[in-house]
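1. got a predicted structure here, sequence first:
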Amino acid sequence: AGEAVMLLFMLFALSRLTFSTDTTTAESGGLPQDPEFRIGIAVVVAVPVFLFLRHFLGAFDVAAERDVVDAGRALWGSAFTVLSFLTTTGFASAHWADAQAWSGLLTPGLLLMGLALIGGGVATTAGGVKLLRVFALYRNGVREMERLVHPSSVSSAGPRARRLQKDGAFIAWIFFMLFALTLALITILLTLTGVAFDTALVLAVSGLSTTGPLLEVAADAPIALIELNGGAKTIFIAAMVLGRLETLAIIALFTPDLWRG
């Protein structure tokens, strides 16, 4: 019951329209038509179902597929944990371990890291790349595939959607590349301080996506920050600051053209 209440509050991190109507217009259609919320719900449904089927097949091999109670706990644990890491909250369900014990299969930490990198909605406290940027890149990719088949075609989307496919996708791609380059740089710097590569990657993703609990569940063994040397801690601090403020905002602070406004 406690996790169900927490899940309801985490839904607010999927889209700014869940708690604000300042940016809602008659054309947008409100929350039911909001691309961020729809993508977030799709991920929260699709990924737990995939994990459930994976664990179900594992449970089938050990003749435990008839245990309905364990199956329900495994499905709930997957859904709660997926939403938690997608919104960069990072809380693992109490039944998250039940899903693995039910089938005997471990859930790869790379999946949780990927969810944290995607992040929640813009103008929310969630970190990561953000769902709207992912949606913009997706729409632009679909449009480019259409142009490969019909080079002279004109998009049938409205003016707002065409702007998202063009200018929005360009801005989203710049942010994504800056995020990826920053992730690679922080990972390299951490390895130069003597940290193992897999540990450095988890630390970089955790800091940039502002998902601290990744340190406990993403790696094979929990990462103890107290065991890091001073250089690694300093780099991790810088990663957390970058992840909270976002790279574009920091670059804007050092852009003289914006100071004149």
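-> Right, received. Where do you want to start?

2. which element is residue 188 on?
-> Per DSSP states H and E, residue 188 falls inside helix 169-192.

3. for the helix or strand that that helix is followed by, which outside residues touch it?
-> Using DSSP H and E, the helix or strand that directly follows helix 169-192 along the chain is helix 197-208. Here helix 197-208 makes contact (CB atoms under 8 Å, 6 or more residues apart in numbering) with 109, 113, 116-117, 127, 179, 182-183, 186-188, 190-191, 195, 211-212, 214-215, 218-219, 223, 232, 236, 238-240, 242-243. The way it works is simple: take the backbone N, C-alpha and C, and place the C-beta from them, glycine included.

4. check which element follows helix 197-208 along the chain.
-> helix 214-217.

5. off-centre distance for that following helix?
-> Here the centre of helix 214-217 is set off from its chain's centre by 15 Å, with CA atoms, centre = their mean, to the nearest Å.

6. show me how far the helix or strand following it is from its chain's centre.
-> Counting by DSSP H and E, the element after helix 214-217 in chain order, helix or strand, is helix 230-245. From the chain centre to the centre of helix 230-245 is a distance of 19 Å (CA atoms, centre = their mean).

7. hmm, who's touching helix 230-245?
-> By CB under 8 Å, 6+ apart, helix 230-245 touches 127, 182, 186, 189-190, 193-195, 203-204, 207-210, 225, 228, 250.

8. one more pass at 6 Å, please.
-> 127, 186, 189, 190, 193, 195, 203, 207, 208, 209, 210 (CB atoms under 6 Å, 6 or more residues apart in numbering).

9. still on that earlier bit, now the buried members of the contacts of helix 197-208.
-> 109, 113, 116-117, 127, 179, 182-183, 186-187, 190-191, 195, 211, 214-215, 218-219, 223, 232, 236, 239-240, 242-243 (16 or more other CB atoms under 10 Å).

10. buried sites along the strand or helix carrying residue 144?
-> Using DSSP H and E, residue 144 maps to helix 131-149. By 16+ other CB under 10 Å, the buried positions in helix 131-149 come out as 131, 132, 133, 134, 135, 136, 137, 139, 140, 143.

11. ok, the second one touching residue 36?
-> Same thing as residue 132. Yes. Between residue 132 and residue 36 there is a contact under CB atoms under 6 Å: 5.2 Å.

12. mind showing which ranges of this protein have poor pLDDT?
-> 22-29, 55-56, 58-67, 98-107, 155-166, 248, 258, 260-261 (pLDDT under 70).

13. switch the cut-off to 80
-> Scanning the chain for pLDDT under 80 picks out 20-30, 32, 52-71, 97-108, 153-168, 246-261.

14. how about it, which residue sits the furthest from its center?
-> Distance from the C-alpha centroid of the chain, by CA atoms, centre = their mean, peaks at residue 152 (35.4 Å).

15. please report how far that residue lies from residue 146.
-> 11 Å (CB to CB, to the nearest Å).

16. same check, this time on residue 21
-> 33 Å.

17. same check, this time on residue 217
-> Distance, residue 217 to residue 146, by CB to CB: 40 Å.

18. with residue 131 instead?
-> 23 Å.

19. and for residue 51?
-> Taken as CB to CB, the span from residue 51 to residue 146 is 33 Å.

20. equivalent analysis for residue 137, please.
-> 15 Å.

21. could you do residue 213 as well?
-> Counting by CB to CB, the gap from residue 213 to residue 146 is 40 Å.

22. go on, residue 111?
-> In terms of CB to CB, residue 111 sits 30 Å off from residue 146.

23. name the helices or strands packed onto the lengthiest helix in the chain?
-> Ranked by residue count under DSSP state H, the longest helix found in the chain is helix 35-61. Contact here means 3 or more CB pairs under 6 Å, 6 or more residues apart in numbering; DSSP states H and E; on that basis helix 35-61 packs against helix 68-86, helix 96-103, helix 131-149.
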